[in-house]
Structures are given as C-alpha cells and as structure tokens.
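Enquirer: Starting from these lines, generate the structure:
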Amino acid sequence: MTEPGRFVTLEGPEGSGKTTAARHLAGWLNQREVPTVLTQEPGGTPLGDEVRRIVLHMRGMSDDLDPRADALLYAAGRAQHVARVIRPALERGDWVVCARYLDSSLAYQGAGYGNDMAEMRRLQDFATSGLRPDLTFLLDLPVEAGLERTRRRAEWNRFEDTEELAFFDRVRSAYLALAADEPGRFEVVDGSGSVEEADAAIRSVVERRLLA
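Expert: Reported below is the predicted structural model:
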C-alpha cells in the first residue's frame with residue numbers, strides 16, 4: 001500500500017521569506033529521497049494563476065473589490081488547487097510543500113479585510129473539503145521590516161501600496177493568534193534573521209516531527 005503523504009505549509013506576513021523557505025525545504029526533502037511537490041497560493045493551477053492576476057489587477061486599479069468577492073475568488077482558486085494538485089499528490093504518497101494556504105485567507109481576507117472569521121472558516125472548509133496541513137510554519141517578523149524587504153525585490157507590486165500599515169499589523173496579529181490557537185499544528189520561526197537560520201530551524205522541526 002502507498003504510504004500517505006505529508007502536507008506542510010509555510011505562512012507569514014509580507015517579506016517573511018516563506019516562498020524561499022518553501023523552495024529550500026522541498027529541495028532538501030527531495031535530496032533525502034522524499035518525493036515532494038512544491039506549490040504555492042495564490043496559484044498552483046491555471047485557475048489559481050488567473051485569480052491572482054484578477055485580484056492584483058483590481059487592487060492596483062481601484063479599491064472597488066468587495067471583501068466578500070475577494071475571499072470567494074481566493075477560495076475558488078484554493079478549491080481547484082486542492083482537487084487537482086494537493087490531494088492527488090498526497091494520495092500518491094508524495095509530500096506537498098505549499099507557500100500559503102487557508103491560514104492566509106483567515107489572516108488577510110478575515111482579519112485584514114474584515115470578513116467575519118467564522119464565515120471565513122466555513123468557506124475554507126468548503127473549498128478544501130476539510131483538508132488541513134500536517135504542519136504549518138509561521139515565519140514571523142515585524143511588519144515594517146517585512147515591507148522594507150519587499151520594496152527591495154523585483155516582485156514588489158501594487159498590493160503593498162494599496163494598504164495602510166494598520167492592515168499589515170492586523171494580518172500579523174491574526175497569524176500569531178492562529179498559531180497560539182493551534183500549537184499542535186503550528187511552529188513559529190523567526191523570519192527576521194538569515195535565510196540559512198530559517199532553513200535550519202525548519203529542517204530541525206521536520207526531522208523531529210515528521211521524519212523521525
């Protein structure tokens with residue numbers, strides 16, 4: 001019988017390094033002969049890529065994207081991602097490493113944009129058919145430090161320019177609250193240090209919790 005795969009997600013505020021950490025973790029696992037699929041949200045499928053394009057376009061062109069519409073767009077992309085990429089990989093026995101998942105919607109569309117958190121949780125349950133990660137890393141760092149990092153990168157986009165600092169403060173606070181509520185699933189990693197330090201901390205946890 002095929003051994004069940006493991007599902008690891010990496011979350012965090014802007015500039016925390018989650019995408020880089022996800023790429024490094026997937027590469028490290030594959031080097032250890034653990035078959036691993038690397039993916040991300042928003043994206044991961046053609047539909048998810050289109051959702052990302054639509055949302056960034058709307059945020060960049062106007063402030064007329066209703067918070068509920070925003071949440072539903074991301075949920076649609078996530079449903080396709082789970083159905084076409086994540087669940088099939090896990091059923092094959094592969095591991096899945098994903099930069100951003102449902103906790104991003106709770107932090108951004110919930111706490112950030114003010115959608116009701118209970119409704120957001122129900123929406124995520126529907127979109128994912130209840131699929132939860134085995135382990136979630138929260139790469140945390142002060143909001144100002146994270147935004148300064150993103151400003152120095154080529155992928156800086158209008159999203160960061162459309163929101164005030166208070167928005168990103170709410171997002172970070174929500175992430176920390178989520179981690180406190182589910183200590184069995186979350187591991188908080190200091191995202192303010194070097195890439196190498198974050199990678200080492202993540203690998204140590206994976207070895208202890210999932211590879212032992």
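Enquirer: now Y113: how far from H81?
Expert: Going from Y113 to H81 by Cβ to Cβ, to the nearest Å gives 21 Å. To be clear about C-beta, it is placed using only N, CA and C from the backbone, and glycine gets the same treatment.
Enquirer: more crowded one of the two?
Expert: Neighbours per residue (other Cβ atoms under 10 Å) separate Y113 from H81, with H81 holding more: 25 against 19.
Enquirer: tell me which element that one falls in.
Expert: Per DSSP states H and E: H81 is located in helix 67-81.
Enquirer: And the helices in the chain?
Expert: Counting by DSSP state H, the chain has helices at residues 18-31, 46-61, 67-81, 87-92, 102-105, 117-128, 143-151, 158-162, 165-181, 195-206.
Enquirer: ranking those by mean pLDDT, which is last?
Expert: Across the helices of the chain, helix 158-162 has the smallest mean pLDDT, namely a mean of 61.
Enquirer: rewinding a little: okay, the helices of the chain in TSV with distance to L135 next?
Expert: Converted to TSV, those look like this (distance: least, Cβ to Cβ, whole Å):
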stretch	distance to L135
helix 18-31	10
helix 46-61	22
helix 67-81	18
helix 87-92	13
helix 102-105	12
helix 117-128	16
helix 143-151	22
helix 158-162	27
helix 165-181	12
helix 195-206	7
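Enquirer: of all these, which lies closest to E187?
Expert: With distances scored as Cβ to Cβ, the stretch of the helices of the chain nearest to E187 is helix 195-206 (4.9 Å).
Enquirer: packing partners for that closest one?
Expert: Applying 3 or more Cβ pairs under 8 Å, 6 or more residues apart in numbering; DSSP states H and E, we find helix 195-206 packed against helix 18-31, strand 135-140, strand 186-190.
Enquirer: Nearest spatial neighbour of G146, chain-adjacent residues omitted?
Expert: Of all residues not flanking G146 in the chain, G15 sits nearest, at 3.1 Å (Cβ to Cβ, 6 or more residues apart in numbering).
Enquirer: which of the helices of the chain is buried the deepest?
Expert: The highest mean neighbour count among the helices of the chain, using mean count of other Cβ atoms under 10 Å, belongs to helix 102-105: a mean of 25.
Enquirer: contact partners of it?
Expert: 9, 11, 41, 71, 74-75, 78, 120, 123-124, 127-128, 132, 136, 138, 175, 178 (Cβ atoms under 8 Å, 6 or more residues apart in numbering).
Enquirer: how much space between the residue nearest to the spatial centre of the chain and P4?
Expert: Centroid-nearest residue in the chain: R100, 1.1 Å away (criterion: Cα atoms, centre = their mean). Applying Cβ to Cβ, the value for R100 to P4 is 23 Å.
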